[in-house]
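**Student:** Starting from these lines, generate the structure:
(chains A, B, C and D)
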Number of protein chains: 2
Amino acid sequence: MTTPPLSIRSPRPGVKDVAALAGVSASTVSNYLNRPDVVVPATRARIERAVHQLGFVRNETARNLRAGASRTIALVLLDAWIPFYGELSRGVEDAASADGWTVLFSNSARNPERELHSLEIFEAQRVQGILVVPQQDLRSRLRDLQRRGISCVTIEQPSAADDISSVSIDDVAGGRAAGAHLIDSGRTDILLVGNPDRVSHVAARFAGCTELVTERTGHGCGVITTEGLTLRDGSRAIQKLLESGKPLPQAIFAANDLVALGALHELLAAGIEVPGQVAVLGYDGLEWAAHASVPLSTVAQPAYEMGCIATQILITVMDGREHPGAQHHVFRPTVIARESTGRAK
Amino acid sequence: MTTPPLSIRSPRPGVKDVAALAGVSASTVSNYLNRPDVVVPATRARIERAVHQLGFVRNETARNLRAGASRTIALVLLDAWIPFYGELSRGVEDAASADGWTVLFSNSARNPERELHSLEIFEAQRVQGILVVPQQDLRSRLRDLQRRGISCVTIEQPSAADDISSVSIDDVAGGRAAGAHLIDSGRTDILLVGNPDRVSHVAARFAGCTELVTERTGHGCGVITTEGLTLRDGSRAIQKLLESGKPLPQAIFAANDLVALGALHELLAAGIEVPGQVAVLGYDGLEWAAHASVPLSTVAQPAYEMGCIATQILITVMDGREHPGAQHHVFRPTVIARESTGRAK
DNA sequence: GGGTCACGTTGCAACGTTACAACGAATATT
DNA sequence: AATATTCGTTGTAACGTTGCAACGTGACCC
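**Tutor:** Modelled structure (predicted):
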C-alpha cells in the first residue's frame, strides 16, 4: 500500500498542443481519436499532420482515469515457465486483442504473497477482469474483487466455486483417452509410470486410465511409482522393470512427456523395439517430443484453446455484468498419435 | 491509434470517501498513503479503519496521471516461450521490484507489427523505460522513444547502437569456454554438432570453440552439420558418424542441449560410454538436462543475471536522465560441469 | 505575555482526456 | 422567406490523486 512518491516528469505534447497546431479545439482532436468519422476529412488531415509532427501519443493513463476503467484484463500465472502456460498466454492474448482488449501479464507469482500482490496491483490499475491460475485458495479474494466490479475467471483451480467462472481440464477424461488409445492400438497390458501419490493431476490421469482399461478388459494396470517427473525418473523406472525380470508390458503410459522420453530411451538402449514390442504414451503435448528418436505419442492439453475460452468467458461476464451467472467450461485432453504408439508387430 | 470508446463504470470508493468516513481531509488520506510518517498515529488508525471498511484500493491510474509517469517499466519479448526468457523475466522482475518498480510484460511480440504495437501500447501507458529483445532493427524507433523521455535497453540486439544501452551475450566467448572445458578435461579431438550455416549464434559458438582449440592444440574441430536443433537431429548426427566408420571423437560439443541429449542417447544406445569414451557438452543450461540418463554438462547463459543487469542499467539511465550516456554490458556464458564431461578413462 | 517555532492538517489547483450539451453555419423543407 | 434539420465543431466539467503553500494550534523561550 505504501509506495515511494512519484516524481514529476518532463511534459509531452497532449491533445491541446495538437489542437493548437491544427487550429482546432481539443474536443475535435478527441473526436478525431475516438470517432474519426464525425470529423470532416479536411480537418482530419490537418490533425493527422499535427499529430505526426509533434509525435503525439495518446496518454492512456488520462483516458483510463476519465473512463473509470481501462479496456484491460490481467493474467496472473505462477512462475513456472512451462510450455503449457506459454500456449495458454497466446490463447489469452489472441482472444483478448481480437476484441480490442489489452492484456497485462504477471508471470512471477512464485509464492502466495506475490500472487496476492499481483492481484492488488491489477486492482489498483483498474483492470476490468482478471484471469488467474491460482496456487492457493483465492476464492474469498476473488469474490471481493467481483463485488468491487472486477470479473474473474480461474484456470485449473483445484476446487472451483459456483460464483466464480472457471475453465479446467478433466484429467480423468485424459486418462481415459489414453487408455482407449492404447487399447484401440491393440494393447491391453498397460503399465503406468509416475507419482500419483504426490501429484493429484497424475493420480487423476492414472485413475481415468485404469477405469477405462478395467471396463474394457476386466483387469487393471500395473504401476511403477517414481519420485519425480524427470527424464531420469523415466529411465530409472524402466531399469527397475528390467531388473525385476517381469515380462514387459505391451504399453507404457507415463505421467508426462519427460518421463515418457526417459522410458523411451531406456527401452531403446536395452534393445527393445518401440513401438514394436512396447508402446510409449506421454502426457502434456511437448512440441519437441515429436522430434525424439521415436516421435512420442502424447495426450495434449488444449492450452491455447483454454486461454481463448477463458478469455471469451471473461469478456462475456464483463459485458453482461448484470447477469451475474458464472460460467464453467471443462476441457477434455486429446491424444496426439505419433510413432511411439504405432501398430504392434 | 483508433480505439472503441470506453464506457463508464460503476463508481468505487476514493480518497474522498475514505476521508469523509475517517473525518479528515482528502489530503490527509493522501499523506497517509504516501508519507505515513507525517500523519499522527491516532489519525492514521482512523484512516486505516476507513480504508479497510470501504475496501479502498488506490487508483493507480489517477496517481500516474497526476505524476506524469508511472513507476513502471515494460519488457517486450518475442513469443518464444523458452526457458531462457523465463529466467530473464525473473531477473527483470526481481531487480525491478527490489527498487519499487512494476513490470509490464508483453510475451507475444510474435511478429514485427506486434512488436511495434507493444511499444506503442507501452508508450501510451507512459511507462518510464522499456526493455526489449528485438526481433527486427528497432533502433530508430527506440531513439524516438528516448527522445520523448522513455529510456530503452536492448537485450541481445544483433547490432547494438551506441546511443541505446544494451546487454548481450558473447557467443564466441561461450564457444571458447566450451573448448577450454573440454580440453581441460583431457580431450583434444572435438566434434561440433549443429547448424552454424543457419543460426548465427551457433556459428559464433563454433567459431569460438574452434579458435580456442586451435590455439591450444594446433588443430581444429570436426563438424557434423545438422538440419535443425532437435533431439532427432542429435541422434541422426551420431548415426551418421557411426555409419561413416570414422573413429569416435573424444568429445562432442553440441549447438544446444536438445541436440546434445539426442546425441547422448544415441551414443548410449550404441553401447558407447559417456563420458568414458566420449564426452558430451550441450549449450543453453536447460534445467532438466541435469536429469538425463547421464546428467548433461552444458554452457549456461546467465539469463537471470542478464535480466537483473539490464534492469539495473535501465534504472540508472532513467534516474540520471541528465547524463545521456548509454551503457553496455556483455555477458560471458559459463560451463556447468556435470557427468557427461567427467574424466575420461 | 508576546513572539517564535514545529507540527499536523487542509484547500486548491492541476495532471490529460473525453462525454455532453450547446453552438453556429449551411442545407433542406414548407 | 421563414423555419426546421443536419452537420461539424466547441466550451465546460469531471474522472481521482497529490504537491504545495497556507493554516491553526499548542509548546517553548526570553
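**Student:** Compute the distance between whichever residue of the stretch 101-250 of chain A sits closest to chain B and B:G285, please.
**Tutor:** Going by Cβ to the nearest Cβ, chain B is nearest to A:T230 of the stretch 101-250 of chain A, at 3.5 Å. No exception for glycine: its C-beta is placed from N, CA and C like everyone else's. Distance, A:T230 to B:G285, using Cβ to Cβ, to the nearest Å: 16 Å.
**Student:** got it, and A:S30?
**Tutor:** From A:S30 to B:G285 the distance is 51 Å (Cβ to Cβ).
**Student:** Neighbour count: the two, which is higher?
**Tutor:** B:G285 (23 against 16; other Cβ atoms under 10 Å in any protein chain shown).
**Student:** Go ahead and confirm the more buried one touches B:A300.
**Tutor:** Yes - contact criterion Cβ atoms under 8 Å: B:G285 and B:A300 qualify, at 3.1 Å.
**Student:** Can you pull the residues that touch both of the two?
**Tutor:** B:I336 (Cβ atoms under 8 Å, 6 or more residues apart in numbering or on different chains).
**Student:** just for chain A, where's the confidence low?
**Tutor:** A:1-11, A:80-81, A:158-160, A:321-324, A:345 (pLDDT under 70).
**Student:** One more pass at 50, please.
**Tutor:** Low-confidence segments of chain A, defined by pLDDT under 50: A:1-3, A:7-9.
**Student:** who touches A:H329 in this structure?
**Tutor:** Neighbouring residues of A:H329 by Cβ under 8 Å, 6+ apart: A:166-168, A:309-310, A:313.
**Student:** would JSON lines of the residues you listed with neighbour count be doable?
**Tutor:** Output for the contacts of A:H329, formatted as JSON lines (neighbours: other Cβ atoms under 10 Å in any protein chain shown):
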{"residue": "A:S166", "neighbour count": "23"}
{"residue": "A:V167", "neighbour count": "27"}
{"residue": "A:S168", "neighbour count": "17"}
{"residue": "A:I309", "neighbour count": "20"}
{"residue": "A:A310", "neighbour count": "28"}
{"residue": "A:I313", "neighbour count": "22"}
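**Student:** and these, which two are the farthest apart?
**Tutor:** Greatest spacing in the contacts of A:H329, by Cβ to Cβ: A:S168 and A:I313 (11.8 Å).
**Student:** In a helix, A:K240, correct?
**Tutor:** Yes - applying DSSP: H, G, I helix; E, B strand; the rest coil, one finds A:K240 inside a helix.
**Student:** what residue is smack in the middle of chain A?
**Tutor:** A:L88 (3.0 Å; Cα atoms, centre = their mean).
**Student:** wait, that one sits on A:E305?
**Tutor:** No - counting by Cβ under 8 Å, A:L88 does not reach A:E305; the two are 9.3 Å apart.
**Student:** From start to finish, how long is stretch A:263-283 in a straight line?
**Tutor:** The straight-line separation of the ends of stretch A:263-283 (Cα to Cα, to the nearest Å) is 13 Å.
**Student:** residues of that stretch that come out buried?
**Tutor:** Judged by neighbour count (16 or more other Cβ atoms under 10 Å in any protein chain shown), stretch A:263-283 contains these buried residues: A:263-269, A:274-275, A:278-283.
**Student:** show me which of those neighbour chain B.
**Tutor:** A:265-266, A:268-269 (Cβ under 8 Å from any Cβ of the partner chain).
**Student:** Can you identify the element that follows the helix or strand hosting A:A96 toward the C-terminus?
**Tutor:** Assigned by DSSP states H and E, A:A96 belongs to helix A:83-98. Counting by DSSP H and E, the element after helix A:83-98 in chain order, helix or strand, is strand A:102-106.
**Student:** Using PDB, write down the CA coordinates of the very next helix or strand once past that next one.
**Tutor:** Following strand A:102-106 in sequence order, the next helix or strand is helix A:112-124 (DSSP H and E). Output in PDB follows, covering the C-alpha atoms of helix A:112-124 (Å, rounded to 0.1, in the frame of the first residue of the first chain):
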ATOM      1  CA  PRO A 112       1.400 -16.900  -2.400                       C
ATOM      2  CA  GLU A 113       2.200 -13.400  -1.200                       C
ATOM      3  CA  ARG A 114       3.300 -12.400  -4.700                       C
ATOM      4  CA  GLU A 115       0.200 -13.900  -6.100                       C
ATOM      5  CA  LEU A 116      -1.900 -11.700  -3.800                       C
ATOM      6  CA  HIS A 117       0.300  -8.700  -4.500                       C
ATOM      7  CA  SER A 118      -0.300  -9.200  -8.300                       C
ATOM      8  CA  LEU A 119      -4.000  -9.100  -7.700                       C
ATOM      9  CA  GLU A 120      -3.600  -5.900  -5.700                       C
ATOM     10  CA  ILE A 121      -1.500  -4.300  -8.400                       C
ATOM     11  CA  PHE A 122      -4.000  -5.100 -11.000                       C
ATOM     12  CA  GLU A 123      -6.900  -3.900  -9.000                       C
ATOM     13  CA  ALA A 124      -5.100  -0.600  -8.500                       C
END
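**Student:** Get me the contact residues on the stretch 51-200 of chain A for DNA strand C.
**Tutor:** A:56, A:58-59, A:62-63, A:65-67 (Cβ under 7 Å from any atom of the strand).
**Student:** And the furthest pair within those residues?
**Tutor:** A:F56 and A:A67 (19.2 Å).
**Student:** Between these two, point out the one with more neighbours.
**Tutor:** Neighbour count, other Cβ under 10 Å: between A:F56 and A:A67, A:F56 has more, with 21 against 16.
**Student:** Write out the residues of the stretch 151-300 of chain A neighbouring chain B.
**Tutor:** A:228, A:230-233, A:235, A:258, A:262, A:265-266, A:268-269, A:288, A:291-293.
**Student:** Now with 6 Å, please.
**Tutor:** With Cβ under 6 Å from any Cβ of the partner chain as the criterion, the stretch 151-300 of chain A meets chain B at residues A:230-232, A:235, A:265, A:268-269, A:288, A:291-293.
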